[in-house]
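Undergrad: Got a predicted model here, sequence first, then my questions.
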Amino acid sequence: MTTARFADGRAAGKRALVTGAARGIGRATAELLACEGAQVALSDIDEPVVRQSAEEIAATVPGTKVLSLGHDVTDPDAWRSVLDRATDAMGGLDILINNAGAAHLRSIEEEDLKGWQWVQRVNAESVFLGCHLALPYLKASPPAAIVNVSSSAAYVARANLAAYNAAKSAVFMLTKSIAVHCARAGYDVRCNSVHPGYIRTRILDPIYERAGDEGAAEAAILREIPLRQLGTPEQVAEAILFMASDASAYITGAELKVDGGTTAV
Ligand code: NAD
């Protein structure tokens, strides 16, 4: 595991909740946080897989508290239950990583109201719910941090990402509003966003499926990336850890792009 070689307690003593942690970026983030000394609650709508991921992380980092929770991030009652259970088990909450997300490829003409609402709920409303409902716990555990996983899609429009572009842009600005509110209210709670570009996870499957030819799809993606390679979940996890840890104590309301230069051109 690439994360373990960097382990030097960068999240020691922290208690973190990571949503969408069954696989991909969420799982890599939960594993890195655990390797760096945090207790971690992994939540995901895919309960069997998140349980397995938590078990594997617990085996990798013996002695660390790692729990798994079934959680649909679009459901306010599920959020209340997850926050109750996670804070009971860990004794509080210092870090919230709003990572769960999903996408489909639809232009404004292909999208319908139901599809639009689903994308907004999973990607944007979920972040509102998480921040709104977790804030009482985070305020009680200063210094605390929220990291919202947005996307390069908050900056760069694609014809077939109408709803996702809009949702990830909402996360970008919601993050800043929360940061300013918490700072002005005197809470020691920072809020920042991380913006992955093309990262090799299941969320990219529809792009490959639509193209039919995997090689051609990959070549087209690589042409958009100045570094000419897809990112890995572990690379994004490093950026999330930085924004979540005390290493970024003077950073709030900011965004960190992890996209191989995609949004620089
Ligand atoms: P992924 O599909 O591997 O992981 C997403 C996880 O979210 C899955 O485990 C899934 O079960 C979970 N999830 C989906 N809907 C949920 C719900 N309603 N409630 C709870 N969990 C739910 O994809 P990923 O790339 O790891 O995505 C993580 C985040 O990164 C997402 O917010 C995504 O939009 C963002 N992102 C990814 C990329 C990329 O290229 N991979 C690029 C930009 C942004």
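TA: Everything's here; your move.
Undergrad: could you pull out the strands for the chain?
TA: Taking DSSP state E to define them, one finds strands in the chain at 15-19, 39-44, 66-70, 95-98, 144-149, 189-196, 255-258.
Undergrad: Can the second one be said to contact the ligand?
TA: Yes. Shown here: strand 39-44 in contact with the ligand (C-beta under 6 Å from any ligand atom) through Asp44. For the C-beta atoms, the positions are set from N, CA and C on the backbone; glycine is no exception.
Undergrad: Which residues does that strand contact?
TA: The contact list for strand 39-44 (C-beta atoms under 8 Å, 6 or more residues apart in numbering) reads 14-23, 26-27, 30, 33-34, 50, 53-54, 57, 64-71, 73, 82, 85-86, 89-90, 100.
Undergrad: Also the fourth one?
TA: Residues outside strand 95-98 that contact it (C-beta under 8 Å, 6+ apart): 11, 14-19, 26, 29, 33, 38, 73, 126-127, 130-131, 134, 138, 144-149, 171, 240, 244.
Undergrad: May I have it as CSV, with CA atoms only?
TA: Taking C-alpha atoms only, strand 95-98 is exported to CSV below (Å, rounded to 0.1, in the frame of the first residue of the first chain):
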residue,chain,number,x,y,z
ILE,A,95,-12.9,15.6,10.5
LEU,A,96,-15.7,15.2,8.0
ILE,A,97,-14.9,14.1,4.4
ASN,A,98,-17.9,14.6,2.1
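Undergrad: can you offset everything so residue one is 15?
TA: Sure thing, new numbering starts at 15, so read that last one as strand 109-112.
Undergrad: Whichever of the contacts of strand 53-58 end up buried, select them in ChimeraX.
TA: If you want just the buried ones from the contacts of strand 53-58 in ChimeraX, going by 16 or more other C-beta atoms under 10 Å, the selection is:
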select :28,29,30,31,32,33,34,35,36,37,40,41,44,47,48,64,67,68,71,78,80,81,82,83,85,87,96,99,100,104,114
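Undergrad: The ligand next: which of the contacts of strand 53-58 are close?
TA: With C-beta under 6 Å from any ligand atom as the criterion, those include Thr33, Gly34, Ala36, Arg37, Gly40, His85, Val87, Ala114 near the ligand.
Undergrad: Restricted to helices, list these.
TA: Counting by DSSP state H, the part of those found in helices is Gly40.
Undergrad: For Gly229, list the residues it contacts.
TA: Counted by C-beta under 8 Å, 6+ apart, Gly229 has zero contacts.
Undergrad: can you tell me how far it sits from the ligand?
TA: Going from Gly229 to the ligand by C-beta to the nearest ligand atom, to the nearest Å gives 18 Å.
Undergrad: Ok, Pro150 next?
TA: For Pro150, the distance to the ligand (C-beta to the nearest ligand atom) stands at 21 Å.
Undergrad: same check, this time on Ser121
TA: With C-beta to the nearest ligand atom as the criterion, Ser121 and the ligand are 18 Å apart.
Undergrad: now do Ile160
TA: On the measure of C-beta to the nearest ligand atom, Ile160 and the ligand end up 14 Å apart.
Undergrad: what about the residue nearest to that residue when sequence neighbours are not counted, neighbour count?
TA: Take Ile160 and drop its neighbours on the chain: the residue closest to it by C-beta to C-beta, 6 or more residues apart in numbering is Cys205, 4.3 Å away. Using other C-beta atoms under 10 Å, Cys205 has 29 neighbouring residues.
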